[in-house]
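Engineer: show me the folded form of this:
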Amino acid sequence: MNAMPLNDSEFHSFQQWLHRAAGINLSPAKKALVAGRLFKRLKHYELDSYGEYFKLIMGGQSEHELQVALDLLTTNETYFFREPKHFDFLRQHILPKATPGRTFRLWSAASSSGEEPYSLAMTLAEGLGTTPWEIVGSDISSQMLTKARSGHYPMERAATLPQPLLVKYCLKGVGPQAGTFLVNRALRNRMKFVQINLNEAFPEMGEFEVIFLRNVMIYFDQETKRKVIARMLPLLKPGGYLMISHSESLNGISDAFKLVAPSIYRKP
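Structural biologist: Numbers count the residues shown, from 1 in each chain. The predicted structure is shown next:
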């Protein structure tokens, strides 16, 4: 089948829906990405246009397909130990001051397929000694969360993972699993992955010492950013840290934090 190309008014419908559902701003430059990511779904349902697919997901008949479309349009590129300065700061300045015996809690708030929270887990396991810790990883995409819970990755994903950590915390696949690796169970058991839409009220999660909110605010407009940060503020303990991506800033979004290093903020 040959579907009609995605036209401007259809693209506009997807733009508006994604902004309402997830707070994400799709620029016109993303039109080809939307068409490419959704094309297989049109084929799957034997539909002739993107407009028909939009009607299908909005019709209320298929809650599942609505989530599939959301997953396809919100998945972001990620890798182990991305933006290493944040991990260095955590290792050198935050973990040494952790209260012994008290559970150190960290939230990876846009955890995608799990590379960020597992990088954080290895950092905490190395740096906290006998101090207990736990990590909550959240994402809007149920598909990404399933992948993250499995902790199972193709070997090429290990390119940015330091060799000693790969050896210590991961199992190399053999036989039918050759060419892959699995994060070991001891680490996986200390992770909790939950589906959270940053654009909606958060579930009850308790307080955190550190929140990583990286490479997601670039998709939000100013008002959405303000709301997300305001909702996060009460979940961070006094003296706790918020890390955002190097390409992001809280300028004009919140003055509740003190900048301590580029892209690293502290709640007074």
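Engineer: and residue 64, that one's in a helix?
Structural biologist: Yes - secondary structure of residue 64 (DSSP: H, G, I helix; E, B strand; the rest coil): part of a helix.
Engineer: numbering from 40 from now on, please.
Structural biologist: Sure, I'll start numbering at 40, so the last one becomes residue 103.
Engineer: can you get me a residue count around it?
Structural biologist: A total of 10 residues lie near residue 103 under the criterion other C-beta atoms under 10 Å. From N, CA and C alone the C-beta is placed, and that goes for glycine too.
Engineer: what sits against residue 187?
Structural biologist: For residue 187, the contacting residues are 150-153, 156, 176, 178, 230, 232, by C-beta atoms under 8 Å, 6 or more residues apart in numbering.
Engineer: name the surrounding residues that touch the helix or strand of the chain with the lowest mean pLDDT.
Structural biologist: For the chain, using mean pLDDT, DSSP states H and E, the weakest element among its helices and strands is helix 102-113, scoring a mean of 82. Contacts to helix 102-113, defined as C-beta under 8 Å, 6+ apart, come from residues 53, 57, 60-61, 63, 65, 73, 76-77, 80, 92, 95-97, 179-183.
Engineer: residue 177 touches residue 230, doesn't it?
Structural biologist: No - with contact defined as C-beta atoms under 8 Å, residue 177 does not count as touching residue 230 (11.0 Å).
Engineer: show me where pLDDT drops low in the protein?
Structural biologist: Counting by pLDDT under 70, the chain shows low-confidence ranges at 40-42, 100-101, 114.
Engineer: in the stretch 190-307 of the chain, mark out all the strands, start to finish.
Structural biologist: Ranges of strands within the stretch 190-307 of the chain are 191-193, 209-211, 219-222, 230-234, 247-252, 275-283, 297-300, 303-305, based on DSSP state E, counting those that start in this stretch.
Engineer: now the longest one: buried residues?
Structural biologist: In terms of neighbour count (16 or more other C-beta atoms under 10 Å), strand 275-283 has its buried residues at 275, 279-283.
Engineer: domain parsing for the protein?
Structural biologist: Domains of the chain are assigned by automatic domain parsing as 47-113, 123-305.
Engineer: and the helices in the stretch 40-189 of the chain?
Structural biologist: Counting by DSSP state H, counting those that start in this stretch, residue ranges of the helices within the stretch 40-189 of the chain are 47-61, 70-84, 89-97, 102-113, 123-128, 154-166, 181-189.
Engineer: hey, which of those is tucked in deepest?
Structural biologist: Most buried of the helices of the stretch 40-189 of the chain, by mean neighbour count (mean count of other C-beta atoms under 10 Å): helix 154-166, with a mean of 23.
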